[in-house]
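Participant: Attaching a predicted model along with its sequence, questions to come.
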Amino acid sequence: MTVWVVTGTGTEIGKTVTTAALAAVAVRAGRSVAVLKPAQTGVAPGEPGDVDEVVRLAGEQVTGVELARYPEPLAPGTAAARAGLPPVRPAEIAEAAVKLAASHDLVLIEGAGGLLVHFDGEGSTLADAARLVGAPVLVVARAGLGTLNSVQLTAEALRSRGLVQAGVVIGSWPGEPGLAERCNVADLPIVAGAPLLGAVPAGAGRLGVPGFRAAARGWVGPELDGVWDAATFARRWGPPARAES
């Protein structure tokens, strides 16, 4: 069984596009893929959600499953309570993932926001679901200033729960990175205690679908079925030399 949990260090950091890239690369490698979204918030009935975006970008052969949907753009537990709807529990997430894994080579569980966002009134989180499944966790992070603190906090939360952090993917790498972004290329693996496994270009989700699927292999490393190389990326985009005083 191959199940990966994809979490972020916050919202709007490129987690869904990164999940789509992982799915597209796996499909290209000949693997059957399912994407599981435990809780979709901020989307009305009938509107496309994150799973729909992943399937659009990665291919119709990807199986997309959404366990619950809440209309307000809030943490899942809060959104469920305000809507008067039942919350999603970690056991439900784990059960759905195991069922999908029985018929797919790869299952990607895409969380909502960060690792410790609450799913219910008891404070259950994506970390609890990852523990039940026994799945490694891939952390999608911002490129710029402030990301190191968030990545380190997430890494410490994973370690304290006995969870395996597979690595970090930069969710939106700018076309013209500044000093902070370039220094973070070197610092992210250090604070995470896990390797940098990819960098998805900013705006990747706006590419045409054929272009997205063709390019995705170049955004993630061999551990994720891609061809992105951390050493090459670091040589090009790592910290610039300090100016002589």
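Facilitator: Received it, and whenever you're ready, just let me know what you need. Keep in mind that this is a model prediction, so the values were computed, not measured.

Participant: isn't residue 112 right next to residue 76, touching?
Facilitator: Yes: using C-beta atoms under 8 Å, residue 112 makes contact with residue 76 at a distance of 5.4 Å. The C-beta positions use only the backbone N, C-alpha and C, and glycine is treated the same way.

Participant: which residues do those two both contact?
Facilitator: Here residue 112 and residue 76 share the contacting residues 38, 39, 41, scored by C-beta atoms under 8 Å, 6 or more residues apart in numbering.

Participant: JSON lines for the residues you listed, including distance to residue 61?
Facilitator: What follows is the shared contacts of residue 112 and residue 76, written out as JSON lines (distance: C-beta to C-beta, whole Å):
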{"residue": "38", "distance to residue 61": "22"}
{"residue": "39", "distance to residue 61": "24"}
{"residue": "41", "distance to residue 61": "27"}
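
Participant: Inside helices: which ones of those residues?
Facilitator: Among those, no member is found in helices (DSSP state H).

Participant: how about the helices of the chain, start to end?
Facilitator: Under DSSP H, the chain gives helices at 15-28, 50-58, 76-83, 90-101, 126-133, 147-160, 179-192, 209-215, 230-237.

Participant: can I get these in a markdown table with mean neighbour count?
Facilitator: Below are those laid out as a markdown table (neighbours: other C-beta atoms under 10 Å):
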| stretch | mean neighbour count |
| --- | --- |
| helix 15-28 | 26 |
| helix 50-58 | 21 |
| helix 76-83 | 20 |
| helix 90-101 | 19 |
| helix 126-133 | 23 |
| helix 147-160 | 18 |
| helix 179-192 | 18 |
| helix 209-215 | 14 |
| helix 230-237 | 13 |
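
Participant: give me every residue that touches residue 89.
Facilitator: 119, 120, 124.

Participant: Next one: residue 47 from residue 66, what distance?
Facilitator: As judged by C-beta to C-beta, to the nearest Å, residue 47 and residue 66 stand 12 Å apart.

Participant: Between the two, tell me which one has more neighbours.
Facilitator: residue 66 (17 against 11; other C-beta atoms under 10 Å).

Participant: Just list whatever residues bridge to the more buried one.
Facilitator: Using DSSP bridges, the beta-bridge partners of residue 66 come out as residue 37.

Participant: Go ahead and confirm it touches residue 40.
Facilitator: Yes: here residue 66 reaches residue 40: they are 5.4 Å apart, a contact under C-beta under 8 Å.

Participant: Give the residues shared as contacts by these two.
Facilitator: The contact sets of residue 66 and residue 40 overlap at 49, 51 (C-beta under 8 Å, 6+ apart).

Participant: which other residues reach stretch 196-213?
Facilitator: 14, 16-18, 20-21, 24, 27-28, 53, 56-59, 138, 143, 166-175, 185, 188-189, 215, 219-221, 223-224, 226, 228, 230, 233.

Participant: Swap in 7 Å and give it another go.
Facilitator: Outside stretch 196-213, the residues within contact range by C-beta atoms under 7 Å, 6 or more residues apart in numbering are 14, 17-18, 21, 24, 28, 56-59, 167-175, 188-189, 215, 219-221, 223-224, 226, 228, 230, 233.

Participant: can I get the CA coordinates of it in PDB?
Facilitator: Extracted in PDB, the C-alpha atoms of stretch 196-213 (Å, rounded to 0.1, in the frame of the first residue of the first chain):
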ATOM      1  CA  LEU A 196      14.000  19.300  -0.400                       C
ATOM      2  CA  LEU A 197      12.100  17.200  -3.000                       C
ATOM      3  CA  GLY A 198      10.900  19.700  -5.500                       C
ATOM      4  CA  ALA A 199       9.900  23.200  -6.500                       C
ATOM      5  CA  VAL A 200       6.700  24.000  -8.400                       C
ATOM      6  CA  PRO A 201       6.900  27.200 -10.500                       C
ATOM      7  CA  ALA A 202       4.600  30.000  -9.600                       C
ATOM      8  CA  GLY A 203       1.600  30.000 -11.900                       C
ATOM      9  CA  ALA A 204       2.000  26.300 -12.800                       C
ATOM     10  CA  GLY A 205      -1.800  25.800 -12.300                       C
ATOM     11  CA  ARG A 206      -2.500  28.300 -15.100                       C
ATOM     12  CA  LEU A 207      -0.500  26.300 -17.700                       C
ATOM     13  CA  GLY A 208      -2.400  24.500 -20.400                       C
ATOM     14  CA  VAL A 209      -3.200  21.000 -19.300                       C
ATOM     15  CA  PRO A 210      -0.900  19.300 -21.800                       C
ATOM     16  CA  GLY A 211       1.900  21.600 -20.800                       C
ATOM     17  CA  PHE A 212       1.300  21.000 -17.100                       C
ATOM     18  CA  ARG A 213       1.400  17.200 -17.500                       C
END
